[in-house]
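Trainee: A predicted structure for the sequence below; I have some questions about it.
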Amino acid sequence: MPADEHLSGLQFNYVAPSMGSSFHELQLHLGGDLADVAHMAWTSKGIQNIEVPPEHQRQGIGTALWNEGHRLAAEHARVPRPKHSADRTTAGDAWARSVGGRVPRRKT
């Protein structure tokens, strides 16, 4: 079972790039809570930022963001597929390897 299949009540909010920006953003909310639980921002060059609060880490939320970003890209030609950045933390590197896809050599 994929890491995010056990999660229920996920609500994604896609934010398209605004004028002068190239950032696509996914915000994730749990259940009826309108506060962001996590978010992922990316451009055609790769993921620029992904944040999951410590109390929600290791629950498949980052994987859910990754999967939803790929679903959006498959349905909308103007949305680039999320891809891994070479600029990753140690935790980000482990996550990138766990979700798959091309993982470029790490810069940091």
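Mentor: Received, thanks.
Trainee: ok, now which ones touch residue 10?
Mentor: 4, 28, 29, 30, 64 (C-beta atoms under 8 Å, 6 or more residues apart in numbering). C-beta coordinates here come from the backbone N, C-alpha and C atoms, glycine included.
Trainee: next, count neighbours for residue 11.
Mentor: Residue 11 has 13 neighbours, counted by other C-beta atoms under 10 Å.
Trainee: name whatever forms a beta bridge with it.
Mentor: In this entry, residue 11 is beta-bridged to residue 29, by DSSP bridges.
Trainee: these two touch, right, it and residue 29?
Mentor: Yes. Counting by C-beta atoms under 8 Å, residue 29 is a contact partner of residue 11 at 4.4 Å.
Trainee: quick revisit: quick check: the two most widely separated of the contacts of residue 10?
Mentor: Distances among those were taken as C-beta to C-beta; the most separated pair is 4 and 29, at 14.4 Å.
Trainee: can you list the contacts of residue 10 in CSV and add pLDDT?
Mentor: As requested, the contacts of residue 10 are exported to CSV (pLDDT from 0 to 100):
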residue, pLDDT
4, 51
28, 91
29, 86
30, 74
64, 93
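Trainee: looks like residue 53 contacts residue 38 (just checking).
Mentor: Yes. Under the criterion of C-beta under 8 Å, residue 53 makes contact with residue 38 at 7.0 Å.
Trainee: of these two, who's got more company?
Mentor: When residue 53 is set against residue 38 and neighbours are counted by other C-beta under 10 Å, the residue ahead is residue 38, at 21 against 10.
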